[in-house]
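Participant: With the input below, show me the fold.
(chains A and B, ligands or ions: 1)
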Amino acid sequence: MKAIYLDNNATTRVDPAVVDVMLPYFTEHFGNASSAHSFGAEVGTAVKTARQQLQQLLGAAHDHEIIYTSGGTESDNAAILSALEALPDRNEIVTSKVEHPAILSLCEHLEKTGRAKVHFIGVDKVGQLDIDAYRAALSDRVAVVSLMWANNETGTIFPVEGLAELAKEHGALFHTDAVQAAGKTPISLKDSAIDMLSLSGHKLHGPKGIGALYVKKGARFKPLIRGGHQERARRGGTENVPAIIGLGKAAELALQHMAEEQGRVRELRDRLEKAVLQRVPNCIVNGDRHDRLPNTSNIAFEYVESEAILLHLNRGGVAASSGSACTSGSMEPSHVLKAMEIPEAALHGAVRFSFSRDNASEDVDRVIEALPGIVEKLREMSPFWAEADKKTSDSKPVFA
Amino acid sequence: MWEYSDKVKEHFFNPKNAGVLVDANAVGEVGALSCGDALKLMLHIDPVTEIVLEAKFQTYGCGSAIASSSALTELVIGKTLAQARAITNRDIAEYLGGLPPEKMHCAVMGHEALQSAIADFRGEVWRPLHEEGALVCKCHGVDAGVIERAIRENGLSTVDQVSAFTQAGTGCTTCYEQIEDILARVASEVAAAQIVEISEEVVSSAATTQAPAAPRAGAVNLFTAAMRPASAPAPRPPAPVRPAAETSPLSPASPPSAGMTNLKRIRLIEETIEDLRVYLRKDGGDCELIDVDGSNVLVSLTGACVGCQMASVTVSGIQERLITKLGVPIRVIPVGRNAH
Ligand code: FES
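Facilitator: Sure thing, here's the model as predicted:
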């Protein structure tokens, strides 16, 4: 039985074309991009090409606005810490309650160590930012606003361009964690007020351990990692050349597949969602119906616990996830769903299906076939289900 | 995803005894929807023999919660209530070939449901341990009592272990420091109890004129052994003991009470000494409490006890009794009547 992978928000399969372009950079083209001789120059050119491929994906004005990093987490950390250092007369951060732990735990740490005051802005039932609270938190004390482009658990997309404009009115730097959005939704930074953007290679069919931070030309920036002059002295350390080449190729391919992502992949996702809602009572789709990543579906099944569903699905050859992979090691229900105040009965029963261009229609069929039986079996075992049936009115799907 | 043993998977995918037991005469319910796991254990117990004839469960929770519930029913069927009562969370986990540490709380839930069902059968109300003492972990509603019990019963020594057994500290982690404090307190109390245990071995071995006995089987687990302080006194050589083995004051006492106020502590010391006096008087001696100064208890020995060559043995007997009662290290110091 073919294994079906529906956990692409955790990580994606590296595209074979990406692997192909990477391989020579381990063997033939092994030079150090910073070296003056021909071995280095050749590599340096390839690194520049990759930078341009990323520039294209992000719609950035200049290729040198791209800094290579080790991944999304480093990019996020660099952006926030840079802003605090670059604007020393400001010590406040504005972010949201539903950010990735790469932002949240850093902000909590900065707050705990007294280095910054942090405003964690809440969200509504579909995961959209509380704009009033956001406006209220902005002031000339804010050094940086960091809001994600798209949520990794629900796919909800924040209107970051507009949010960045508001931040600019107060002279704050604006950073967006676009790790989930890059490659799935069109991005054009050229004319936006966004100062910084993080992305990660392995979320867009590129390799793990490589990412990028976009820093708009003219925006204040202080490096996180100091060392040699690599990356125009903005990020020390010898370039991870094969990974950079792979990331560039992945960016190029993502741009080519953007229409497919918005079309065929979205259709797969929507078909799954519709069928599940039709066949399984008492479930809720979490996220914004209108502004959501095309590949992400977060469905909460009331009165069952997600891990139990995942174990059954896994035995049936289907890999999905409960909330986000980064926090699924903890017992806590997702901080994102908690912030969205979804009903208690559904809080522990959320399963995330995240698609990619690798998925086919049969994958959806398999899930639709297996899922209703799994949920039914587990509900029969649940002490709450018998009573739950009588109060279905409590549990109207957020949208169906 | 977690690494589960084959036995866990087997009990998860094909749970035994899942469903409703219509003729249950003992029902235990623990957990809640908001916690992410809940278990309803239903037992049919023979009222005469008190043997568990049937057991069924309904569980809302993860893979190991369901597997633990299934294992629990298998463990309990055919047992007498007395045997069932002795089943611990460890027994459940062992039956399953182990659980990931982060999932041990599932076995704890099984243990609690069983206690609750037994109490229900006896017409008693089972007090969930989640109502003991101050709330430590707000994320999971775990209080000091639960944490302390988990530490003692399972020999836990790190915050991570406490989290695995109780869920405390797996949320916002702001309760870490408090958990560390409880760990430190229990560790010192266990160390004190260890001293008593050694002393008791000496007393009982002295009574049977044998060499110092090895620690009682089961009485010393790895944890208590590890917790034994370097400064713990070596077992004293066998000596004639005035408060003989059959005199009740030196027999094992009720478990130490923790977290008591100063006033309560002093009262307990007073009461303990008052109880002992009955026995001392029988032997023509007496002992009076003079003062309590931190962990020093000042007493005055009178009558036959004064100058008696056994005085030091009497003092250590009182000391051991107080340590057992209070669960903290205590030094008994004999002083003259006018010392204070
Ligand atoms: S208070 Fe214990 S984890 Fe939050």
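Participant: Return the set of buried residues in stretch B:268-285.
Facilitator: For stretch B:268-285, the neighbour count (16 or more other C-beta atoms under 10 Å in any protein chain shown) marks B:268-269, B:272-273, B:276-277, B:279-280, B:283, B:285 as buried. (Glycine included, C-beta is placed from N, CA and C.)
Participant: With stretch A:372-383 instead?
Facilitator: Neighbour-count burial for stretch A:372-383 flags A:372, A:374-375, A:377-379, A:381-383 (criterion: 16+ other C-beta under 10 Å).
Participant: Need the residues you listed in TSV (columns: distance to A:V285, pLDDT and secondary structure).
Facilitator: What follows is the buried residues of stretch A:372-383, written out as TSV (distance: C-beta to C-beta, whole Å; pLDDT from 0 to 100; DSSP: H, G, I helix; E, B strand; the rest coil):
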residue	distance to A:V285	pLDDT	secondary structure
A:P372	16	97	helix
A:I374	18	97	helix
A:V375	14	97	helix
A:K377	22	96	helix
A:L378	19	97	helix
A:R379	18	96	helix
A:M381	24	95	helix
A:S382	21	94	coil
A:P383	26	93	coil
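Participant: List the contacts of A:A3.
Facilitator: By C-beta atoms under 8 Å, 6 or more residues apart in numbering or on different chains, the contact list for A:A3 reads A:317-319.
Participant: Quick check on these: which are buried?
Facilitator: Buried among those by 16+ other C-beta under 10 Å: A:318-319.
Participant: Let me know the closest of the contacts of A:A3 to chain B.
Facilitator: A:A319 (9.0 Å; C-beta to the nearest C-beta).
Participant: Help me confirm that that closest one comes into contact with A:Y5.
Facilitator: Yes: using C-beta atoms under 8 Å, A:A319 is in contact with A:Y5, at 5.1 Å.
Participant: returning to that earlier point: for the contacts of A:A3, which one is nearest the ligand?
Facilitator: A:A319 (29.0 Å; C-beta to the nearest ligand atom).
Participant: Return the backbone torsion pair for the closest one.
Facilitator: phi -100, psi 120 (degrees, to the nearest 10).
Participant: Check it and give its pLDDT.
Facilitator: The per-residue pLDDT reported for A:A319 equals 97.
Participant: residues touching it, list them.
Facilitator: Listed by C-beta under 8 Å, 6+ apart, the contact set of A:A319 reads A:3-7, A:313.
Participant: repeat that with 6 Å
Facilitator: Listed by C-beta atoms under 6 Å, 6 or more residues apart in numbering or on different chains, the contact partners of A:A319 are A:5, A:7.
Participant: What distance do you get for it to A:D270?
Facilitator: Distance, A:A319 to A:D270, by C-beta to C-beta, to the nearest Å: 20 Å.
Participant: With A:L106 instead?
Facilitator: Distance from A:L106 to A:D270, by C-beta to C-beta: 35 Å.
Participant: quick one on the thing from earlier: tell me which two of the buried residues of stretch B:268-285 sit farthest apart.
Facilitator: By the measure C-beta to C-beta, B:L268 and B:D283 form the most distant pair in the buried residues of stretch B:268-285, at 23.8 Å.
Participant: Which member of the contacts of A:A3 is positioned nearest A:I225?
Facilitator: Of the contacts of A:A3, the one sitting nearest to A:I225 (C-beta to C-beta) turns out to be A:A319, at 34.0 Å.
Participant: number of nearby residues for B:G123?
Facilitator: 6 (other C-beta atoms under 10 Å in any protein chain shown).
Participant: Give the helix, strand or coil label for it.
Facilitator: Classification of B:G123 using DSSP: H, G, I helix; E, B strand; the rest coil returns coil.
Participant: Tell me, what's the model's pLDDT at it?
Facilitator: 94.
Participant: residues near residue 8, how many?
Facilitator: Defaulting to chain A. 26.
Participant: Chain B was what I was after
Facilitator: 28.
Participant: which non-adjacent residue is nearest it?
Facilitator: B:A67 (4.5 Å; C-beta to C-beta, 6 or more residues apart in numbering or on different chains).
Participant: likewise B:D23?
Facilitator: B:H44 (5.4 Å).
Participant: helices or strands next to the helix or strand containing that neighbour in the packing?
Facilitator: For B:H44, the element it lies in under DSSP states H and E is strand B:37-45. Packing partners of strand B:37-45 (3 or more C-beta pairs under 6 Å, 6 or more residues apart in numbering or on different chains; DSSP states H and E): strand B:26-32, strand B:52-60, helix B:104-121.
Participant: would you turn those into a markdown table with distance to the ligand?
Facilitator: Converted to a markdown table, the helices and strands packed on strand B:37-45 look like this (distance: least, C-beta to the nearest ligand atom, whole Å):
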| stretch | distance to the ligand |
| --- | --- |
| strand B:26-32 | 17 |
| strand B:52-60 | 21 |
| helix B:104-121 | 13 |
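Participant: Point out the most buried one among these.
Facilitator: helix B:104-121 (a mean of 25; mean count of other C-beta atoms under 10 Å in any protein chain shown).
Participant: Roughly how far does B:K40 sit from A:I299?
Facilitator: In terms of C-beta to C-beta, B:K40 sits 26 Å off from A:I299.
Participant: So in the chain, where's the weakest helix or strand by average pLDDT?
Facilitator: Let's take chain A. helix A:385-388 (a mean of 83; mean pLDDT, DSSP states H and E).
Participant: Correction: the question concerned chain B.
Facilitator: helix B:222-227 (a mean of 31).
Participant: Show residues contacting the very next helix or strand once past that one.
Facilitator: Following helix B:222-227 in sequence order, the next helix or strand is helix B:262-282 (DSSP H and E). Residues from elsewhere that reach helix B:262-282 (C-beta under 6 Å, 6+ apart): B:247, B:249, B:286-287, B:289, B:292, B:297, B:318, B:321-322, B:325.
Participant: And helix B:262-282, how far out from the chain middle?
Facilitator: The chain centroid and the centroid of helix B:262-282 are separated by 23 Å, computed with C-alpha atoms, centre = their mean, to the nearest Å.
Participant: Okay, buried residues for the following helix or strand past that helix please.
Facilitator: As assigned by DSSP H and E, the chain's next helix or strand after helix B:262-282 is strand B:285-293. Neighbour-count burial for strand B:285-293, counted by 16+ other C-beta under 10 Å, picks out B:285-287, B:289-290, B:292.
Participant: closest to the ligand among the residues you listed?
Facilitator: B:V292 (35.4 Å).
Participant: where in chain B is pLDDT low?
Facilitator: B:1-2, B:128-133, B:138-141, B:199-260, B:279, B:282-283, B:303-314, B:336-340 (pLDDT under 70).
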